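A.B. asks: Next comes the sequence, and after it the predicted model I'd like to discuss.
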Number of protein chains: 2
Amino acid sequence: MPELSPRSAKPRVLIVEDEAPLSTMLRYNLEKQGFRVEEAADGQEALLRINEAVPDIVLLDWMLPNLSGIEVCRQIRRGSATRDLPVIMVTARTDEQDAVRGLNTGADDYITKPFNIEALLARMRALLRRAGGSASKGRREFHDVVMDLATHRVYRNGRGVHLGPTEFRLLDFLLQHPRRVFSREELLDAVWGTDIHVEPRTVDVHIRRLRKAINEAGEIDLVRTVRAAGYALDTESH
Amino acid sequence: MPELSPRSAKPRVLIVEDEAPLSTMLRYNLEKQGFRVEEAADGQEALLRINEAVPDIVLLDWMLPNLSGIEVCRQIRRGSATRDLPVIMVTARTDEQDAVRGLNTGADDYITKPFNIEALLARMRALLRRAGGSASKGRREFHDVVMDLATHRVYRNGRGVHLGPTEFRLLDFLLQHPRRVFSREELLDAVWGTDIHVEPRTVDVHIRRLRKAINEAGEIDLVRTVRAAGYALDTESH
DNA sequence: ATTGATGTCACAAAACCTTCATAAAACGGC
DNA sequence: GCCGTTTTATGAAGGTTTTGTGACATCAAT
């Protein structure tokens, strides 16, 4: 089974729309799709809500009372906390120009009314996927182990190391909290997920495979076993 | 294995370093990675060599005889032909301040001794990618694959290969982000578009067609499968 | 009508997980 | 140290998931 969001359960979407019927329709559909929905009826309210708590994505109507969608978008791009916030512009005009201008003001995507709810969902998912990916992507290191998230590669002391998906996630997690000890249960929650059922001892097996993969003859064992407590990434075994 | 210079096959790197052992070690590793290596033992020699022939990237030690690394960097930034030349500063001091000062003098990145060779390589690649991206247009390359956007043609190792429209766009996208792993969903978003509905497994089929087209007997497979993650353009499959 | 391209499916082939049984190691009390 | 107990390491087996592949129906352009 593929997993979706390693971060939070429900993505939060802010709908900025002054036409109540449309807004209601959207809320209904988005909630059915597992979004947590918030609403704002004009530009000012939108910025207020965003500053209170940054949502995962914003649906922004083009024409708004008080502050136009374009202006709201500009403001969003200005703030450092909201610079990468995905914004989808919703516009009634079909003119290409408008759409382009929307993009130039910083919207990540746009859609014209009337729109297909499926199309909207597809774009939202795409943006969320992109944003989520780029945020956590980078590189992790510990001692002489390097993990490159973007290329999905792991190196020990320069030499490339092959890991299975689970070992990869396991190491990924451990690399995020070096030296800290985690119980088998904690590891299961973090690496496998909370709602699956797997024997705690299964962790042992994956730890072993991880060890086998990253430790070569002459190298120190980077995985520390802490009896009656769990495992940790560490340079000193005992 | 890795390389990416859009200009020539082998990117040329100039190592400016007065400690011979380090310099030798770097030469060995970088040549193994497909770089053409040149060396300079002090700041003056560095500038001389750069003026002779501008390399693709410079590894610049902080502490140097004759002319400090900072000064060399300043000079590099001064010249019109070398203004955009990527420079990585190598320093023994860990102080953040030094690093920052290094960046202020115009270095594009820095790394502190002792450093992991993989980390260095990653940064070099990133810089080369950035530099290359802005300069070249209309043509993409990776390993021995060349794509000419203008003529819509693709070559592997000189020989022309035929791709269907979808395979072409797929390869085009992958070429824009070499080595990076993309999930089936991401590929669908980027290559097919967000609105359409296509089974994720369809990506497999097109990956296969792409493989069949660009890989000939005796040639390495340039498409890497990353189980449970997706696909990437890479020179090492495993 | 013929060709070429595309999206799906079903089945084969790998790669991978989980579990279990057994060996090995660590610990506690004496 | 010695012994019994608890905890971890390890190897193998069997089942599951993921990917590779060939075939096919559809559709558009020629």
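C.D. replies: Ah, there it is.

A.B. asks: for DNA strand D, what are the nearby residues on chain A?
C.D. replies: Within chain A, the residues that sit near DNA strand D (Cβ under 7 Å from any atom of the strand) are A:1-2, A:201, A:204-205, A:207-208, A:211, A:225-230. No exception for glycine: its C-beta is placed from N, CA and C like everyone else's.

A.B. asks: Could you rerun that using 10 Å?
C.D. replies: Applying Cβ under 10 Å from any atom of the strand, we find that chain A lies next to DNA strand D at A:1-3, A:165, A:183-184, A:200-209, A:211-212, A:215, A:221, A:223-231, A:237.

A.B. asks: ok, the spatially closest residue to residue A:192 that is not a sequence neighbour to residue A:188 distance?
C.D. replies: Leaving aside its sequence neighbours, residue A:192 sits nearest to residue A:198 (Cβ to Cβ, 6 or more residues apart in numbering or on different chains; 5.7 Å). Distance of residue A:198 to residue A:188, given as Cβ to Cβ, to the nearest Å: 6 Å.

A.B. asks: And those two? Which one has more around it.
C.D. replies: Using other Cβ atoms under 10 Å in any protein chain shown as the criterion, residue A:198 and residue A:188 rank with residue A:188 on top: 19 against 13.

A.B. asks: on that earlier part again, just the residues of chain A next to DNA strand D that are near DNA strand C?
C.D. replies: Checking those against DNA strand C (Cβ under 10 Å from any atom of the strand), the matches are A:165, A:200-206, A:208-209, A:225-228, A:237.

A.B. asks: how about the biggest helix by length in chain A, does it get close to chain B?
C.D. replies: Longest helix of chain A, by residue count under DSSP state H: helix A:117-136. Yes: Helix A:117-136 reaches chain B (Cβ under 8 Å from any Cβ of the partner chain) through A:118-119, A:122-123, A:125-126, A:129-130, A:133.

A.B. asks: and if you look at stretch A:147-164?
C.D. replies: Yes: interface with chain B: stretch A:147-164 contributes A:148, A:150-152, A:155, A:158, A:160, A:162, A:164 (Cβ under 8 Å from any Cβ).

A.B. asks: OK, contacts around the residue lying closest to residue A:19 once chain neighbours are set aside?
C.D. replies: Leaving out its chain neighbours, the residue that sits closest to residue A:19 by Cβ to Cβ, 6+ apart is residue A:61, at 7.8 Å. Each residue near residue A:61 by Cβ atoms under 8 Å, 6 or more residues apart in numbering or on different chains is listed here: A:16-19, A:69, A:89-91.

A.B. asks: Give the next helix or strand downstream of the one helix or strand in chain A whose mean pLDDT sits lowest.
C.D. replies: Lowest by mean pLDDT, DSSP states H and E among the helices and strands of chain A is helix A:96-104, with a mean of 48. Per DSSP states H and E, the first helix or strand lying C-terminal to helix A:96-104 is strand A:109-112.

A.B. asks: Residue A:233: how many residues sit nearby?
C.D. replies: Neighbours of residue A:233 (other Cβ under 10 Å): 23.

A.B. asks: brain fart, residue A:160
C.D. replies: For residue A:160, the neighbour count with other Cβ under 10 Å is 12.

A.B. asks: What residues does it make contact with?
C.D. replies: Residue A:160 makes contact with A:153-154, B:236, B:238, according to Cβ under 8 Å, 6+ apart.

A.B. asks: Can I get the residues you listed in a markdown table including pLDDT and neighbour count?
C.D. replies: Shown next, in a markdown table, are the contacts of residue A:160 (pLDDT from 0 to 100; neighbours: other Cβ atoms under 10 Å in any protein chain shown):
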| residue | pLDDT | neighbour count |
| --- | --- | --- |
| A:153 | 95 | 24 |
| A:154 | 96 | 24 |
| B:236 | 85 | 13 |
| B:238 | 74 | 9 |
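
A.B. asks: Next step: those restricted to strands.
C.D. replies: If you go by DSSP state E, the contacts of residue A:160 have A:153-154 in strands.

A.B. asks: Show me which of the contacts of residue A:160 is closest to DNA strand D.
C.D. replies: Nearest to DNA strand D among the contacts of residue A:160 is residue B:238, at 11.7 Å by Cβ to the nearest atom of the strand.

A.B. asks: Tell me the confidence at the residue lying closest to that closest one once chain neighbours are set aside?
C.D. replies: The shortest distance from residue B:238 to any non-neighbouring residue, by Cβ to Cβ, 6+ apart, is to residue A:162 (5.5 Å). pLDDT recorded at residue A:162 is 96.

A.B. asks: part of a strand, is residue A:27?
C.D. replies: No: assessed with DSSP: H, G, I helix; E, B strand; the rest coil, residue A:27 is helix; it does not lie in a strand.

A.B. asks: Report the contact partners of it.
C.D. replies: By Cβ under 8 Å, 6+ apart, the contact list for residue A:27 reads A:15, A:37, A:39.

A.B. asks: between those, which has the most around it?
C.D. replies: Counting neighbours by other Cβ under 10 Å, residue A:15 leads those with 24 neighbours.

A.B. asks: quick one, what contacts that one?
C.D. replies: By Cβ under 8 Å, 6+ apart, the contact set of residue A:15 is A:23, A:26-27, A:30, A:37-40, A:59.

A.B. asks: Check those residues against chain B and report the nearest one.
C.D. replies: Nearest to chain B among the contacts of residue A:15 is residue A:59, at 14.8 Å by Cβ to the nearest Cβ.

A.B. asks: orientation of the helix or strand where that closest one lies relative to helix A:117-136 in degrees?
C.D. replies: Element membership for residue A:59 (DSSP H and E) is strand A:57-61. Going by axes from the mean of the first three to the mean of the last three Cα atoms, to 10 degrees, strand A:57-61 is angled at 130 degrees with respect to helix A:117-136.

A.B. asks: burial of the nearest residue to residue A:44 once chain neighbours are set aside, as a residue count?
C.D. replies: Once flanking residues are discounted, residue A:44 sits nearest to residue A:66: 4.9 Å by Cβ to Cβ, 6+ apart. As a burial measure, residue A:66 scores 14 neighbours (other Cβ under 10 Å).

A.B. asks: for residue A:195, same thing?
C.D. replies: Residues lying near residue A:195 (other Cβ under 10 Å) number 6.

A.B. asks: Tell me if it really is in a helix.
C.D. replies: No: using three-state DSSP, the assignment for residue A:195 is coil, not a helix.

A.B. asks: quick one: it from residue A:150, how far?
C.D. replies: 29 Å.

A.B. asks: Quick one: classify residue A:190 as helix, strand or coil.
C.D. replies: Applying three-state DSSP: residue A:190 is helix.

A.B. asks: Retrieve the pLDDT associated with it.
C.D. replies: So residue A:190 comes in at 95 (pLDDT).

A.B. asks: residues touching it, list them.
C.D. replies: Residues near residue A:190 by Cβ under 8 Å, 6+ apart: A:173, A:182.

A.B. asks: same check, this time on residue A:125
C.D. replies: B:185, B:194.
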